[in-house]
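Peer 1: sequence plus predicted model, see below.
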Amino acid sequence: MKNHSIPIDLLGPLITSKTRLKLLLRFFLNHNLSGYLQGLSKELNENTNSIRVELNRLEQAGILSSELEGRRKLYRVNEQHPLTENLTNIVRKVTGVDALIDRVVGRLPGLEQVWICGKLAQGLQSEQIDCVLVGEELDQAFIEELCHRVEELTGKTVNAQVSAEILSEQRDQCLLVWAQETDEK
């Protein structure tokens, strides 16, 4: 039986506020995302007051930064905070993104990029890991075997799409989580 609340189960004892945990997952899965109070409240299915309290705490701690856009306050990850990289690593570990990268990247010749799509790319908890593996002549059967291992490890369904390149419309909806280093300078 799969357990679909892994992040809450793993981080619950450390982060007792479920609203704060949802916000950390939302912002630290994809740093490119930002959000307003009302939108985050609807997106995370939490009341506005709970979201406001936790946003204020995260901003006071320096983990999130904000700026006014008109009359709205827009929140985003503070890239300058010394714990940003650590929080990102923790969130990626508990959501299964790290397991996907660890299990697939080193074992798949010809792999050039790994993109996470769907809910995880939007910074939302998900029961599945949707990804696009970009590369030339990737072995589909081997990818299915690797994805099965990730599923066993994370308890999540892995949906891997293989492509020679990522389409521009996919690029806007996905998050690049790994790219082959090139020798070009």
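Peer 2: Alright, I've got the coordinates. Numbers count the residues shown, from 1 in each chain.
Peer 1: number of residues surrounding the residue lying closest to residue 98 once chain neighbours are set aside?
Peer 2: For residue 98, the nearest residue in space outside its immediate sequence neighbours is residue 92; the separation is 4.8 Å by CB to CB, 6 or more residues apart in numbering. All C-beta atoms are positioned from the backbone trio N, CA, C, and that covers glycine. When neighbours are defined as other CB atoms under 10 Å, residue 92 has 19 of them.
Peer 1: what sits against residue 92?
Peer 2: Residues in contact with residue 92, defined by CB atoms under 8 Å, 6 or more residues apart in numbering, are 28, 29, 98, 177.
Peer 1: buried residues in the helix or strand hosting the last one?
Peer 2: According to DSSP states H and E, residue 177 maps onto strand 175-179. Of the residues in strand 175-179, those buried by neighbour count under the rule 16 or more other CB atoms under 10 Å are 175, 176, 177, 178.
Peer 1: that one pairs with which strands?
Peer 2: Its sheet considered, strand 175-179 pairs with strand 111-117 (antiparallel) by DSSP bridges.
Peer 1: find the least confident helix or strand in the protein, judged by mean pLDDT.
Peer 2: Scoring the helices and strands of the chain by mean pLDDT, DSSP states H and E places helix 6-11 at the bottom, with a mean of 53.
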